[in-house]
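Chemist: Pasting the sequence and the predicted model now:
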Amino acid sequence: MNKVYRDIIQTSLLVDVEFFALAIPQWYRFKSATKEIEDRPYEATVSIFDAVYSSERLRLPLKGCPVLGY
């Protein structure tokens, strides 16, 4: 999930960027040793964006940021 934070900050530093769209997989599965794990990065990313935009501590210079789940 650190990539999401990095993408938000890097995009905020770009000049004349008003909108930022982020495409995230809704879920994926992978195997760790003998165990199959399912991750849901879309839900976590939406929660991160909700927290950042609802907070007054970090003001982003973006008019909008849709998070697209695929």
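Modeler: Yep, that arrived.
Chemist: All the strands of the protein, in order from the start?
Modeler: Per DSSP state E, the chain has strands spanning 22-24, 28-32, 35-39, 67-69. These are given in chain order.
Chemist: can you pull the contacts of the residue in the chain sticking out farthest from the centre?
Modeler: The centre of the chain is farthest from one residue, residue 34, which by Cα atoms, centre = their mean lies 29.1 Å away. Shown in contact with residue 34 (Cβ atoms under 8 Å, 6 or more residues apart in numbering): no residues. Heads up, the C-betas are built off the backbone N, CA and C, glycines and all.
Chemist: quick one on the thing from earlier: looking at the strands of the chain, which one is packed in the most?
Modeler: Looking across the strands of the chain with neighbours counted as mean count of other Cβ atoms under 10 Å, the highest average goes to strand 22-24: a mean of 16.
Chemist: so what does that one touch, helix or strand wise?
Modeler: If you count contacts as 3 or more Cβ pairs under 8 Å, 6 or more residues apart in numbering; DSSP states H and E, strand 22-24 packs onto helix 2-12, helix 41-54, strand 67-69.
Chemist: 7 Å instead, please
Modeler: Helices and strands touching strand 22-24, by 3 or more Cβ pairs under 7 Å, 6 or more residues apart in numbering; DSSP states H and E, are helix 41-54, strand 67-69.
Chemist: got the CA coordinates for the first one in PDB?
Modeler: This means helix 41-54. This file holds the C-alpha atoms of helix 41-54, laid out as PDB (Å, rounded to 0.1, in the frame of the first residue of the first chain):
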ATOM      1  CA  PRO A  41      -6.200  -3.400  -2.600                       C
ATOM      2  CA  TYR A  42      -9.100  -1.400  -4.000                       C
ATOM      3  CA  GLU A  43     -10.900  -1.200  -0.700                       C
ATOM      4  CA  ALA A  44      -7.700  -0.200   1.100                       C
ATOM      5  CA  THR A  45      -7.000   2.500  -1.500                       C
ATOM      6  CA  VAL A  46     -10.400   4.000  -1.300                       C
ATOM      7  CA  SER A  47     -10.100   4.200   2.500                       C
ATOM      8  CA  ILE A  48      -6.700   5.900   2.100                       C
ATOM      9  CA  PHE A  49      -8.100   8.500  -0.300                       C
ATOM     10  CA  ASP A  50     -11.100   9.100   2.000                       C
ATOM     11  CA  ALA A  51      -8.800   9.700   4.900                       C
ATOM     12  CA  VAL A  52      -6.500  12.100   3.000                       C
ATOM     13  CA  TYR A  53      -9.300  14.200   1.400                       C
ATOM     14  CA  SER A  54     -11.300  14.400   4.700                       C
END
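Chemist: Sounds good, over and out.
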